[in-house]
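A.B. asks: Sequence first, then the predicted structure:
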Amino acid sequence: MLDTAHKHLILGAGFAGLGMAEALKSASIPYDQVDASDDIGGNWYHGVYETAHIISSRKITQFTHFPMPDNYPDFPSAQNILDYLNSFADHFELRKNIELNRQVSYVRPVENNLWEVTFDNGEQRIYKGIIICNGHHWCKRFPKFRGEFDGQIIHSKDYKNPQQLRGKRVLVIGGGNSACDVAAEAARVGAKSVLSMRESVWFIPKTFVGVPVLDLIEWWMPEWFQRFMAYVIILLTFGKHKDYGLPEPKYRIFDKHPTLNNEVPYYIKHGRITYKPEVRHLDGGEVEFADGSRETFDLIVCATGFHVAYPFLPPELQRVEGATVKCYGGSFLEDYKGIYYIGWGQARGGAGSLISAFAPIFTRFLELQDEIKIPMGLVLKKMGQQLPTSHLEDPQKIFRELKLANLFFQRTVQKAHRIDSQFQNHPLPPLDSPKHKQRISAAIADF
């Protein structure tokens, strides 16, 4: 067995995993990094379609300390982002710590506050801590249909290029960014494009007066002001939903993950996309909708999102409620030390800038965790932090909170040492133990 007990293990080498790796390296914190794929890049390597472009701008998506090339457009393509992540890894010499094709099958706490990691080939290692960056765009969520469909049903993650849509009658289910992209692509190359939404969404234009919309938001703007600004931009750009035959959304802007898309309203006006309410029934080659209408399709694309999932964790460490991970400071547990949940939230754009702001303070917390016996999450709880109630995040609020955390970090150190006491993680049974199998069976039955 390799001597890894003095290291942390980063799970995943996508945007979050690479950003955390660079931060740990910069702070001289020993670590290993693994990824289940055969190359780095996460979702930008194995998950997105060829024609995808980011919805947030280059300015806020890039790592603050590693700008994207000047020749990149305001909204870089999937290939641009993948190239950028590779250049980031090369620039900071991160590859030597990355092991590819390394699937983690089980993680558990063992004695002395250490963590045992079991890989799918049976290898086991002991680590000081586990930093989970496995992403949230891989565990596909499908709707539950009534009836049977004679054509093909796929998830948007299985959509890779326009050839899959060419000449077909396509139904896209969903109102998010992927749904709108696929519906617009079907409008260009398909025989028919229908967009089915359970409820209407707010379409936010990607630019306003030539500037990416998200670039117009400043750090000092409270959410109510951002919301008001978005309403005005939508009204001036698109007008009202009734002008497109769409029902008015029943929620406030930002109460759901925003849909930044100019093409769907455009193609609705050109008769290339048709709106339909939710699907009621599948009947051979036809689909019946909630309004009683029926249409014939060759292909159904379910752009219905993903589950936040950690299949390698035992039930005691499954802290997901809906799409929210119940941890303090976005990462820390109150009852276990050495395990950290990273990148599960859905911010309104700005992955790189958020990681650039978060990673340095996270490494300070790791160093503080080495000085104290109790979990870092318990310290934050004692300081009055609350568990999150939503996976949706306002980037500007996060930036403000991180600035305050840095400014008053010494107070956190003092509080941590003042309340510190004896603590040990509760060890959990190994993967192949009868007790573990019983608990897994019970969890599956409950699910």
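C.D. replies: That came through fine.
A.B. asks: so where's the stretch 251-400 of the chain shaky on pLDDT?
C.D. replies: Counting by pLDDT under 70, the stretch 251-400 of the chain contains no low-confidence segment.
A.B. asks: what's Ile154 sitting at in phi/psi?
C.D. replies: With angles defined as degrees, to the nearest 10, Ile154 sits at phi -130, psi 160.
A.B. asks: Can you report how many residues neighbour it?
C.D. replies: 17 (other CB atoms under 10 Å). Placement of C-beta: from N, CA and C, glycine included.
A.B. asks: Pick out the residue nearest the middle of this structure.
C.D. replies: Nearest to the mean C-alpha position of the chain, by CA atoms, centre = their mean, lies His136 at 4.2 Å.
A.B. asks: That one: what's it in contact with?
C.D. replies: The contact partners of His136, taken as CB atoms under 8 Å, 6 or more residues apart in numbering, are 306, 308-309, 323, 343-344, 346.
A.B. asks: Just the ones in helices from those, please.
C.D. replies: The helices, defined by DSSP state H, take in nothing from the contacts of His136.
A.B. asks: Scan these and report the most crowded one.
C.D. replies: Neighbour max across the contacts of His136 (other CB under 10 Å) = Gly343, 27 neighbours.
A.B. asks: quick one, strands of the stretch 101-250 of the chain?
C.D. replies: Assigned by DSSP state E, counting those that start in this stretch, the strands in the stretch 101-250 of the chain fall at 104-109, 115-119, 124-127, 129-132, 139-140, 147-149, 152-155, 169-173, 192-196, 203-204, 207-208, 211-212.
A.B. asks: As JSON lines, these with mean pLDDT and distance to Phe75 would be great.
C.D. replies: Output for these, formatted as JSON lines (pLDDT from 0 to 100; distance: least, CB to CB, whole Å):
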{"stretch": "strand 104-109", "mean pLDDT": "98", "distance to Phe75": "34"}
{"stretch": "strand 115-119", "mean pLDDT": "98", "distance to Phe75": "38"}
{"stretch": "strand 124-127", "mean pLDDT": "97", "distance to Phe75": "38"}
{"stretch": "strand 129-132", "mean pLDDT": "98", "distance to Phe75": "29"}
{"stretch": "strand 139-140", "mean pLDDT": "96", "distance to Phe75": "25"}
{"stretch": "strand 147-149", "mean pLDDT": "97", "distance to Phe75": "34"}
{"stretch": "strand 152-155", "mean pLDDT": "98", "distance to Phe75": "24"}
{"stretch": "strand 169-173", "mean pLDDT": "98", "distance to Phe75": "21"}
{"stretch": "strand 192-196", "mean pLDDT": "98", "distance to Phe75": "21"}
{"stretch": "strand 203-204", "mean pLDDT": "97", "distance to Phe75": "13"}
{"stretch": "strand 207-208", "mean pLDDT": "97", "distance to Phe75": "9"}
{"stretch": "strand 211-212", "mean pLDDT": "97", "distance to Phe75": "7"}
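A.B. asks: all helices for the stretch 51-200 of the chain, in order.
C.D. replies: For the stretch 51-200 of the chain, applying DSSP state H, counting those that start in this stretch gives helices covering 58-61, 78-91, 177-189.
A.B. asks: gap between the last one and the chain center?
C.D. replies: What it means is helix 177-189. Relative to the chain's own centre, helix 177-189 is displaced by 21 Å; criterion: CA atoms, centre = their mean, to the nearest Å.
A.B. asks: And Ala184, how far from Gly349?
C.D. replies: Ala184 sits 19 Å away from Gly349, going by CB to CB, to the nearest Å.
A.B. asks: and what of Lys403?
C.D. replies: 19 Å.
A.B. asks: More neighbours: these two, which one.
C.D. replies: Neighbours were counted for Lys403 and for Gly349 using other CB under 10 Å; Gly349 has more, 22 against 13.
A.B. asks: What residues does the more buried one make contact with?
C.D. replies: By CB under 8 Å, 6+ apart, the contact list for Gly349 reads 55-57, 60-61, 214, 395.
A.B. asks: Now the residue nearest to the centre of the chain: closest residue in space that isn't a chain neighbour?
C.D. replies: Val308 (5.0 Å; CB to CB, 6 or more residues apart in numbering).
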